[in-house]
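1. build the 3D model from these lines:
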Amino acid sequence: MSTDDVMYDSYKEERDLILEYNQVTLDDVRPVNIMGVGVDNMTRAQAVVKVMRMIEAGGIHHIIPLNPYKILRLRSNHDLGLIANKADMKLASGAGIPWASRMLKNPLKEQVHLISFLMDLVRIAEIKEYTIFLVGGKPETAEKAFFNIKKSFPGIRIVGRHGGYFTEEREKSVIEAIRKSEANIVFVGLGFPKEEKWIYQIKNEFKNVVFISVGGSIDIISGDIKKAPAFFMERGMDWLYRIITRPWRLGRLLRLAYYYPYFLVKRLFI
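-> Just a heads-up that it's a prediction; the model follows:
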C-alpha cells in the first residue's frame, strides 16, 4: 500500500504553509456544548495553529478527537468525562458531531478529519523541525507507520516509536523513552478509552509535550488498515465504511441508538 493511500492529499503541494498559518486567528474559537462535552468550534487549520502555539508556549497538553460513541462514553463515565474536561483541545473528528451541532442550531465550522489533521501536523513539524514520537499498534505496525511518514516527509524528525501492546513492567521504559526523546508531539494510539486514561496518568511526568489521542490512526498510516475511500469521507460516512470492513464494530453503532434521536428531539424544542 502506498503512502498516497493514507496521507493527506496536499502533502506534496508547494505552498508557503508558514505564511498561511500565520494568517490564521484563534480569536473566534469557542466550545460548542454537545451533551455536556465542550467541542472546540475550529477549522483544521486553526487546530494546527493551536498545536503550534502549544509547542511554542511549552507545558503539557492533551488533544482528544471526538465522535458520537466517545461523547456517549464521556457522558456516562465520570472519570472519562473528567479527563475530557481537562483536555486542552477536543476535535469534532466524527461526522455525527457537526450534525448534532446543526441540530442544536449552533453549527461547528467543519468536521476535522483526524488523519488529515495529523498529516498537516507532520508537514508543519517537518518545516519547523518539531519532533514526533509514535506509540501504538503492533511493533511492526509502528515501524511501518514510521517508514511511510518518512517516505512522504523525508525531513521529519521522528525521534522514537513503540508498539502499543506493552506490559506494566515495560511501561516504565516506554515512558522513559518518550521523556528522553524530548519529543514535541506524541501520537498515542492505544484505542479509546485506554489512550486517554494512559495520557492522563503519565502526563505529569513530562514538562513540554503535546499528547494526541490518535486511536487507530497509526494502523491506517502504516497501511495495515485502509482509510475510508473519498466517497465515504466526503459524505461524512467513514463510520459506515468501518462497519462494512469491520462488522464486529456493529455493536458500537447500536450503542448510538440514543444519540441521534436525542438531537432530533432537541431540534423540535429549540
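
2. any low-confidence regions in this structure?
-> 1-15, 233-243, 246-253, 270 (pLDDT under 70).

3. in it, which spans are strands?
-> Ranges of strands in the chain, per DSSP state E, are 30-34, 37-41, 60-66, 89-92, 131-136, 157-162, 185-189, 209-213.

4. nearest to F269, of these?
-> F269 lies closest to strand 30-34 among the strands of the chain, at 15.3 Å (CB to CB). Every C-beta, even on glycine, is put in place using the N, C-alpha and C of the backbone.

5. got a list of contacts for that closest one?
-> 38-41, 66, 71, 90, 97, 100-101, 104, 106, 108 (CB atoms under 8 Å, 6 or more residues apart in numbering).

6. gap between D16 and F153?
-> D16 sits 17 Å away from F153, taking CB to CB, to the nearest Å as the criterion.

7. neighbour count: these two, which is higher?
-> Set D16 next to F153 and count neighbours by other CB atoms under 10 Å: F153 wins out with 20 against 9.

8. so who does the residue lying closest to that one once chain neighbours are set aside touch?
-> Once flanking residues are discounted, F153 sits nearest to E126: 4.6 Å by CB to CB, 6 or more residues apart in numbering. Neighbouring residues of E126 by CB under 8 Å, 6+ apart: F153, G155, I156, R157.

9. which of the contacts of strand 30-34 tops the neighbour count?
-> The residue in the contacts of strand 30-34 with the most neighbours, by other CB under 10 Å, is A100 (27 neighbours).

10. isn't that residue up against L72?
-> No - using CB atoms under 8 Å, A100 is not in contact with L72; the gap is 11.3 Å.

11. so what sits against both of these two?
-> M35, Y259.

12. for Q46, list the residues it contacts.
-> By CB under 8 Å, 6+ apart, the contact set of Q46 is V24, T25, L26, V29.

13. which of these are buried? Put it as a ChimeraX command.
-> Filtering the contacts of Q46 down to the buried ones (16 or more other CB atoms under 10 Å) takes a single ChimeraX command:
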select :29
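
14. now, which of the contacts of Q46 sits nearest K50?
-> Checking the contacts of Q46 against K50 with CB to CB, the nearest one is L26 at 6.1 Å.

15. and the residue lying closest to K203 once chain neighbours are set aside, how far is that from P261?
-> Counting by CB to CB, 6+ apart, the nearest residue to K203 once its immediate chain neighbours are dropped is I60, at 5.0 Å. I60 sits 38 Å away from P261, taking CB to CB as the criterion.

16. more neighbours, the two?
-> Neighbours around I60 and P261, counted as other CB under 10 Å, are more numerous at I60. The numbers are 17 against 10.

17. check contacts around the more buried one.
-> I60 makes contacts with K203, N204, F206, K207, N208, V209, F211, as judged by CB under 8 Å, 6+ apart.
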